[in-house]
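Chemist: Sequence and predicted structure, then a few things I'm wondering about:
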Amino acid sequence: MRSIPKRILVSLMTLFLVSILCFLIFSVIRGDPASIAGGIGVSSEQLQVLREQMGLNKNVLVRYFDWVLNFLKGNPGTSYSFRGEEISSLIAQRLPVSAALALLSICFILIISFAVSVFTVKKEGNITDNIVNFLNAAGISTPGFFMGLLFIFIFGFTFKFFIPGEFIEFRESPLRFFGCLFFPALAIAVPNSAVLIKFLRSSIFLELKSDYVKTARCKGAGSNYILFHHVLKNACLPAVTILGMIIAEVFSGSVIIEQVFSIPGIGRLLIAAISSRDYPLIQALMVYIAFIVIAANMLADIAIMIIDPRIKQSRKIR
């Protein structure tokens, strides 16, 4: 278990480096934040007051540590484009929507991936398997935003299953809230499921050639028993690492999907911040997305270390 604290430390160091890069990029970028915050027609005296209030007259190193300390306290600053509203409040308003979209997408990914992988293993080599392989290759090569536009055209405009651009708050109707997230979550899930299916199928086929499977068959165990009680357990271990990367992709990749389906989540907030050059809000959202990506990969690595004793043993030998 010594590797787990080491992995956590590496993740924290990575997040620390990301925060430095985020801060430095927006410190050297062209454009005065005080001028952006003051708007058109701000006088030089007002500009000087704003620079002092925003701490822009301080050293870059001092400003960075002030920003980090405030970030850790839950106060990453105020937004320029949202009339000085607290960034923490803006994120808190939109985070539940993005989290619900991501969790629904992950559920779809797990259901689709395991169902298709197990089904096609039993149909290896026939026409069904070839069709699934073709669709899987198409899913991997199709970007999520294009899948979203395709769903809007087919299920929104053609079959009228939903109204494109409509969004219902959870407090108004929980059922309609998740109904609004169904097709966006599916658009995120389909390309990511295709990736997981590819790795999971390969892992299952590799395990089916193992000696323990041959031994189980010689003892009279059925194909379904071997698959569900032995093979899947071992085949899922390599897929956990891929799943960690996919979860990170789901949280970061939902930025475009939220824009395509007009979902008021973190993604649309980031696009709005970039459009209005709201640097403090962009910095906070970039650190948030980086935290999700790093945490997802860290948890996947830790899960592998806990589940598979062979990895822990190999680390001890090294």
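Modeler: That came in fine, so what should we check first?
Chemist: Touching stretch 250-258 from outside, list them.
Modeler: For stretch 250-258, contacts defined as C-beta atoms under 8 Å, 6 or more residues apart in numbering pick out 98, 101-102, 105-106, 109, 144-145, 148, 184, 187-188, 192, 263-268, 270-271, 289, 292-293, 296. Glycine gets a C-beta too; all of them are placed from N, C-alpha and C.
Chemist: what does stretch 121-139 give?
Modeler: Surrounding stretch 121-139, the residues in contact under the criterion C-beta under 8 Å, 6+ apart are 116, 119-120, 190-191, 193-194, 197-198, 201, 204-205, 208, 223, 227.
Chemist: The same query, at a cut-off of 7 Å, please.
Modeler: When contacts are taken as C-beta atoms under 7 Å, 6 or more residues apart in numbering, the neighbours of stretch 121-139 outside the stretch itself are 116, 120, 190, 191, 193, 194, 197, 198, 201, 204.
Chemist: And stretch 263-280, by the same measure?
Modeler: So stretch 263-280 is contacted by 26, 31, 33, 36, 76-81, 87, 90-91, 94-95, 97-98, 101, 167, 184, 254-259, 281-282, 285 (C-beta under 7 Å, 6+ apart).
Chemist: Give the buried residues for it.
Modeler: Along stretch 263-280, these residues count as buried under the neighbour rule (16 or more other C-beta atoms under 10 Å): 263, 265, 266, 267, 268, 269, 270, 272, 273, 278, 279, 280.
Chemist: Alpha carbons of that stretch, as PDB, please.
Modeler: Coordinates of the C-alpha atoms in stretch 263-280 are reproduced here as PDB (Å, rounded to 0.1, in the frame of the first residue of the first chain):
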ATOM      1  CA  ILE A 263     -27.200  22.900 -21.200                       C
ATOM      2  CA  PRO A 264     -26.400  25.500 -18.500                       C
ATOM      3  CA  GLY A 265     -23.400  23.600 -16.900                       C
ATOM      4  CA  ILE A 266     -19.700  24.200 -16.400                       C
ATOM      5  CA  GLY A 267     -19.000  23.800 -20.100                       C
ATOM      6  CA  ARG A 268     -21.200  26.600 -21.200                       C
ATOM      7  CA  LEU A 269     -19.900  28.800 -18.300                       C
ATOM      8  CA  LEU A 270     -16.300  28.200 -19.600                       C
ATOM      9  CA  ILE A 271     -17.300  29.100 -23.200                       C
ATOM     10  CA  ALA A 272     -19.000  32.300 -21.900                       C
ATOM     11  CA  ALA A 273     -15.900  33.200 -19.900                       C
ATOM     12  CA  ILE A 274     -13.600  32.700 -22.900                       C
ATOM     13  CA  SER A 275     -15.800  34.800 -25.100                       C
ATOM     14  CA  SER A 276     -15.800  37.700 -22.600                       C
ATOM     15  CA  ARG A 277     -12.100  37.200 -21.600                       C
ATOM     16  CA  ASP A 278     -13.100  36.700 -18.000                       C
ATOM     17  CA  TYR A 279      -9.600  35.600 -16.900                       C
ATOM     18  CA  PRO A 280     -10.300  34.700 -13.200                       C
END
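Chemist: Mean confidence (pLDDT) on that stretch, please.
Modeler: For stretch 263-280, the mean pLDDT works out to 86.
Chemist: circling back to that earlier point, so which of the contacts of stretch 263-280 sit within helices?
Modeler: Among the contacts of stretch 263-280, DSSP state H puts 26, 33, 36, 87, 90-91, 94-95, 97-98, 101, 184, 254-259, 281-282, 285 in helices.
Chemist: Which among those count as buried?
Modeler: Buried residues within the ones in helices among the contacts of stretch 263-280, defined by neighbour count using 16+ other C-beta under 10 Å: 26, 33, 36, 87, 90-91, 94, 97-98, 101, 184, 254-259, 281-282, 285.
Chemist: residue nearest the centroid of this structure?
Modeler: Note on the chain: the residue nearest the mean C-alpha position is residue 251, at 2.0 Å, using C-alpha atoms, centre = their mean.
Chemist: Tell me the first helix or strand C-terminal of the helix or strand harbouring that residue.
Modeler: Following DSSP states H and E, one finds residue 251 within helix 232-260. Tracing the chain past helix 232-260, the next element assigned as helix or strand by DSSP H and E is helix 266-275.
Chemist: gap between that next one and the chain center?
Modeler: For helix 266-275, the distance between its averaged C-alpha position and the chain's averaged C-alpha position is 16 Å (C-alpha atoms, centre = their mean, to the nearest Å).
Chemist: and if you look at stretch 95-107?
Modeler: Centroid separation between stretch 95-107 and its chain, computed with C-alpha atoms, centre = their mean, is 9 Å.
Chemist: repeat for stretch 296-305
Modeler: Stretch 296-305 has its C-alpha centroid displaced from the chain centroid by 15 Å (C-alpha atoms, centre = their mean).
Chemist: Much appreciated, bye for now.
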